[in-house]
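1. predicted model follows, preceded by the sequence.
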Amino acid sequence: MTEKLGKIMCLIPARGGSKGIPQKNIYPLNGIPLIEYTIQEALKVVDINSVMVSSDDRKILNCASREGVILVPRPLEISKDDSTVEDAITHAIARAREFHNEFQTIIILQPTSPLRNAEDILEAIHLYEASGADSLISVCEVHPFLYKYKYPLSEICQDPGDEFVVEPDFLFHPRLCRQRLERIDRRFRDCCAIYICSVKYFEERHSFIAELGKMAMYEMPPERAVDIDTMEDMKLAEYYLTR
């Protein structure tokens, strides 16, 4: 336990329903259920006081059942297609309090990020503590040459072919602003591997991302920032695991 952060609760939210890959959270990645990678690494982090797995799926809960992991069966009313991870967090915090466990900091680890390791988690905790930020997210750098469709797909285009017209997504696009690539500010995407905030901040805003506050970023390399949503992502993760 770090002095500033108090007791740290780690929550692994793992709903059973998955549209792209059936039973994605326990799908075998290199012979090991997907969620196992996140559980194993979370249990290695000595700063974490409690590792909890929240799920509405019996198979996932059975898979996560091991020494050191607290199982949080998720009610059906917060396990629907339109349910949010914030609902699961609120429920897990309430369940912890029922057993007189009060936490000051919460870490959310998505089971779909199997390549994030214990060192990433620990460094993210230390960065969050040192930064004094309201929240922390893990990120991965993206290339500045980005484009978007000029017309939203919901709009009816007047001229044939307009639905295929694209334009640069950022005004700092190198080809337009004539800046050298190395002089352009770096840009990042949320890689969905690690989120940290105080329990107080989350309960006040029902959000673990400080959109209007101070947010810290923990940068991860592409080979550990794979977020699995499709079978192609699964194959990429297996490649990085076995290369």
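-> In hand now; what should we look at?

2. tell me, how many neighbours does the closest residue to residue 6 other than its chain neighbours end up with?
-> Closest residue in space to residue 6, ignoring its immediate chain neighbours: residue 104 at 2.9 Å, by CB to CB, 6 or more residues apart in numbering. C-beta coordinates here come from the backbone N, C-alpha and C atoms, glycine included. Residue 104 has 16 neighbours, counted by other CB atoms under 10 Å.

3. for the closest residue to residue 103 other than its chain neighbours, give its distance to residue 79.
-> The shortest distance from residue 103 to any residue other than its chain neighbours is 3.8 Å, reached at residue 9 (CB to CB, 6+ apart). Distance, residue 9 to residue 79, by CB to CB, to the nearest Å: 20 Å.

4. more neighbours: which of the two?
-> residue 9 (24 against 19).

5. which residues touch the helix or strand harbouring the more buried one?
-> Applying DSSP states H and E as the criterion places residue 9 in strand 8-13. Here strand 8-13 makes contact (CB atoms under 8 Å, 6 or more residues apart in numbering) with 1-2, 35, 38-39, 42, 45, 47-55, 64, 72, 85, 88-89, 92-93, 96, 101, 103-111, 125, 199.

6. just to revisit the earlier point, any idea what the residue nearest to residue 103 is bridged to?
-> residue 50, residue 106 (DSSP bridges).

7. now do the same contact list for the most centrally placed residue in the chain.
-> Closest to where the C-alpha atoms of the chain average out (CA atoms, centre = their mean) is residue 192, at 2.5 Å. Contact analysis of residue 192 by CB under 8 Å, 6+ apart lists 110, 112-113, 138, 227.

8. now it. Nearest residue, chain neighbours left out?
-> Excluding its sequence neighbours, the residue lying closest to residue 192 (CB to CB, 6+ apart) is residue 227, at 4.5 Å.

9. what about the residue nearest to the centre of the chain, which SS state?
-> Assigned with DSSP: H, G, I helix; E, B strand; the rest coil, residue 192 falls in the strand class.

10. renumber starting at 5 from here on
-> Renumbered: residue one is now 5, and that last one reads residue 196.

11. on that earlier part again, the helix or strand just after the strand holding residue 13 pairs with which strands, parallel or anti?
-> Counting by DSSP H and E, the next helix or strand C-terminal to strand 12-17 is strand 32-33. The strands that strand 32-33 pairs with in its sheet are strand 36-37 (antiparallel) (by DSSP bridges).
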